[in-house]
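K.L.:
Let's see this in three dimensions:
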Amino acid sequence: MNVSQTALDDLRIELAVTLAPEDYTPRVERSLKRHQKNAQMPGFRKGKVPMQLIKRQYGQSVLAEELNQLLSEQLQAHIQENKLNVLGNPIPSEDKEDAGDWNNPDTFTFHYELGLAPALDLNFGKKAKFTRHKVKVDKAAIDRQVTDLQRRHGKMTDPDKSADNDMLVGAFAQLDADGNVLEGGITSDSTISVEFVEDKKTKKALIGLEPGSEVTVDPHKVSRGHDDLGRMLGISHEQVHDLTGDFKFTVKEVKRLEPHDINQSLFDKVYGEGVVTDEKAFRERVSQDLDGHFDRDAEWVFRRRFVVDLIDHMKVELPDTFLKRWIMLTNENPLTPEQVEEEYPGYAESLRWQILQQTVAEAIDLKVTADELEDEAKRMVGAQYAQYGMPMDEDTLSNVAKNVLNDEKERRRIADVLVERKVVDDLKTRVTISEKQVSFDEFGKLAAEVR
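P.N.:
Numbering: from 1, shown residues only. Below you'll find the predicted structure:
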């Protein structure tokens, strides 16, 4: 029995496994004897079929089965003994032919190709520079947040006529090509938020309306995308795609949100009674809150972008040719070369991140403790319930978190979150990070790129 290794390139090796009769014959004979014990053939009692007949019927299949098992064991032993960090599994060599006579078994030689994970250097040096973008808390940002708080704590009124920030409550009715209500057409009780209508002509037509008014509208111009339009008219996504023509909208009510005045009542509603006592202090608290909020957003966006940019900076090479062949040979559903080429970039990006995570985890001896798992599960559960206005006491939160962790799939998912967080935390200490303040709109574009 012999395994020889040959380098094909930096990230691919070839293994030639040679098996002599003395390596596999004892295994084959044991397997044939097991077959003989259970074999039943006409004219022979169970277990008394002559070995020559057993070999004739089962010989080649048993030989193939035992050789495959022996090959698998030898390949894995070689990988472990030589500490090879392989990607995927060994696959038959594309260029070398195996040697051996299945009809007259003697010495067999099999050739396999292996892809290796690249060795990554975590000492990135001074050139590894990255930018953390954060929204500048300027007067415009503070004004915008104050306005939002005023609206959030404002009150709804019923004006006589609509203005450019009002909401119209009413009924939609589909029209035919002549502008008449279509018999059997789409009807829906819904609302139009004039504030969010972007088409200038349509918005102008919605201003100055009063209860009982009727207006003809293109539903696509009073909604915000297909999902919003589907909800507005109570129709399916497919119906939205095929929807053409106008609708009659009959106004039933005009609703206006009157912003809360900037006074002590607003200060108390936002920060608690007596905590803030004048507008200057109110705006300072708003500024502090925004800074914390923007910093959390900045960290989230940075961490998502940082991983991609760092891997790009590292120029992590992969055995692409090997991996594409491996994907083709091992995929449950047959793939065409064109499909592999199309899907490979996404697979390669994910694999590079896995290799980087593994490298960092080994470098820092990364571990996730039971306490960390429970704390993270509690944080996730608490945030989820708080989203629906259902805060939990500590005992209930702990019990729910433990139940979540009893699910192995959820436990693994939470562990993966913690591992990724620790890996990124470590990588941040190995590079140079500078902070850059950007406008609210600029940050919005950056955030959209990583979602």
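
K.L.:
domain parsing for this protein?
P.N.:
As assigned by automatic domain parsing, the chain contains the domains 2-116, 155-258, 279-450.

K.L.:
For the longest one, what is the distance to the chain centroid?
P.N.:
Centre-to-centre, domain 279-450 and its host chain are 9 Å apart (Cα atoms, centre = their mean, to the nearest Å).

K.L.:
could you pull out the helices for the stretch 1-150 of the chain?
P.N.:
21-38, 51-81, 139-152 (DSSP state H, counting those that start in this stretch).

K.L.:
returning to that earlier point: out of the domains of the chain, flag the one nearest K139.
P.N.:
domain 279-450 (9.1 Å; Cβ to Cβ). All C-beta spots, glycine's among them, are computed from the backbone N, C-alpha and C.

K.L.:
any idea how far V316 lies from L356?
P.N.:
Using Cβ to Cβ, to the nearest Å, we find V316 at a distance of 7 Å from L356.

K.L.:
what touches both of the two?
P.N.:
Counting by Cβ atoms under 8 Å, 6 or more residues apart in numbering, the common neighbours of V316 and L356 are L120.

K.L.:
Count the neighbours of L71 for me.
P.N.:
The tally of other residues near L71 (other Cβ atoms under 10 Å) stands at 19.

K.L.:
And it, what's its pLDDT?
P.N.:
pLDDT for L71: 94.

K.L.:
Dump the domains of the chain into TSV; add distance to I142 as well.
P.N.:
Shown next, in TSV, are the domains of the chain (distance: least, Cβ to Cβ, whole Å):
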stretch	distance to I142
domain 2-116	52
domain 155-258	21
domain 279-450	6
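
K.L.:
and D138, which of those is closest to it?
P.N.:
Among these, the nearest to D138 by Cβ to Cβ is domain 279-450 (8.5 Å).

K.L.:
From one end of the closest one to the other, what's the distance?
P.N.:
37 Å (Cα to Cα, to the nearest Å).

K.L.:
What's the mean pLDDT across it?
P.N.:
Domain 279-450 shows an average pLDDT of 92 in the prediction.

K.L.:
my guess is S193 contacts M167, does it?
P.N.:
Yes - in this structure, S193 is within contact of M167 by Cβ atoms under 8 Å, at 5.2 Å.

K.L.:
Please identify the residue most distant from the middle of the chain.
P.N.:
Here the chain reaches farthest from its C-alpha mean at G43, the gap being 63.4 Å by Cα atoms, centre = their mean.

K.L.:
CA atoms only: put the lengthiest strand in the chain into PDB for me.
P.N.:
Longest strand in the chain by number of residues (criterion: DSSP state E): strand 247-258. C-alpha atoms of strand 247-258 as PDB (Å, rounded to 0.1, in the frame of the first residue of the first chain):
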ATOM      1  CA  PHE A 247     -59.400  54.500 -10.900                       C
ATOM      2  CA  LYS A 248     -62.000  56.700  -9.400                       C
ATOM      3  CA  PHE A 249     -61.100  57.700  -5.800                       C
ATOM      4  CA  THR A 250     -64.000  59.000  -3.700                       C
ATOM      5  CA  VAL A 251     -62.900  60.900  -0.600                       C
ATOM      6  CA  LYS A 252     -64.600  59.900   2.600                       C
ATOM      7  CA  GLU A 253     -62.400  61.600   5.200                       C
ATOM      8  CA  VAL A 254     -59.400  64.000   5.200                       C
ATOM      9  CA  LYS A 255     -56.900  63.300   8.000                       C
ATOM     10  CA  ARG A 256     -54.100  65.700   9.000                       C
ATOM     11  CA  LEU A 257     -51.400  65.100  11.500                       C
ATOM     12  CA  GLU A 258     -50.900  68.200  13.500                       C
END
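
K.L.:
That strand packs against which elements?
P.N.:
strand 155-157, strand 167-174, strand 214-217 (3 or more Cβ pairs under 8 Å, 6 or more residues apart in numbering; DSSP states H and E).

K.L.:
Let's see stretch 322-340 as PDB, backbone CA atoms only.
P.N.:
C-alpha atoms of stretch 322-340 as PDB (Å, rounded to 0.1, in the frame of the first residue of the first chain):
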ATOM      1  CA  PHE A 322     -10.600  22.200  -8.900                       C
ATOM      2  CA  LEU A 323     -13.600  23.700  -7.100                       C
ATOM      3  CA  LYS A 324     -15.700  24.000 -10.300                       C
ATOM      4  CA  ARG A 325     -15.000  20.400 -11.200                       C
ATOM      5  CA  TRP A 326     -15.800  19.300  -7.600                       C
ATOM      6  CA  ILE A 327     -19.100  21.200  -7.700                       C
ATOM      7  CA  MET A 328     -20.000  19.600 -11.000                       C
ATOM      8  CA  LEU A 329     -19.300  16.100  -9.700                       C
ATOM      9  CA  THR A 330     -20.900  16.300  -6.300                       C
ATOM     10  CA  ASN A 331     -24.000  18.400  -6.800                       C
ATOM     11  CA  GLU A 332     -27.200  16.600  -6.100                       C
ATOM     12  CA  ASN A 333     -28.800  18.100  -9.100                       C
ATOM     13  CA  PRO A 334     -26.900  18.000 -12.400                       C
ATOM     14  CA  LEU A 335     -25.400  21.400 -13.300                       C
ATOM     15  CA  THR A 336     -24.200  22.600 -16.700                       C
ATOM     16  CA  PRO A 337     -20.800  24.300 -17.000                       C
ATOM     17  CA  GLU A 338     -22.700  27.600 -17.700                       C
ATOM     18  CA  GLN A 339     -24.600  27.300 -14.400                       C
ATOM     19  CA  VAL A 340     -21.400  26.600 -12.500                       C
END
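
K.L.:
Which positions in that stretch come out as buried?
P.N.:
322-327, 335, 340 (16 or more other Cβ atoms under 10 Å).

K.L.:
What of stretch 343-350?
P.N.:
344, 349.

K.L.:
quick one: average pLDDT of the longest strand of the chain?
P.N.:
96.

K.L.:
ditto for stretch 167-178
P.N.:
The model assigns stretch 167-178 a mean pLDDT of 96.

K.L.:
neighbours around V62, how many?
P.N.:
Using other Cβ under 10 Å, V62 is surrounded by 20 other residues.

K.L.:
who's in contact with it?
P.N.:
Applying Cβ under 8 Å, 6+ apart, the residues contacting V62 are 28, 31-32, 35.

K.L.:
Would you check which pair of the residues you listed lies furthest apart?
P.N.:
Taking Cβ to Cβ, no two of those sit farther apart than V28 and H35, at 10.6 Å.

K.L.:
okay, the two: which has more neighbours?
P.N.:
Neighbour totals were compared for V28 and H35, and V28 leads with 21 against 17 (other Cβ under 10 Å).

K.L.:
related to what we said a few turns ago, and the buried residues of stretch 322-340, which of them are in helices?
P.N.:
Among the buried residues of stretch 322-340, DSSP state H puts 322-327, 340 in helices.

K.L.:
give the contact list for R411.
P.N.:
Counting by Cβ under 8 Å, 6+ apart, R411 makes contact with 373, 404-405.
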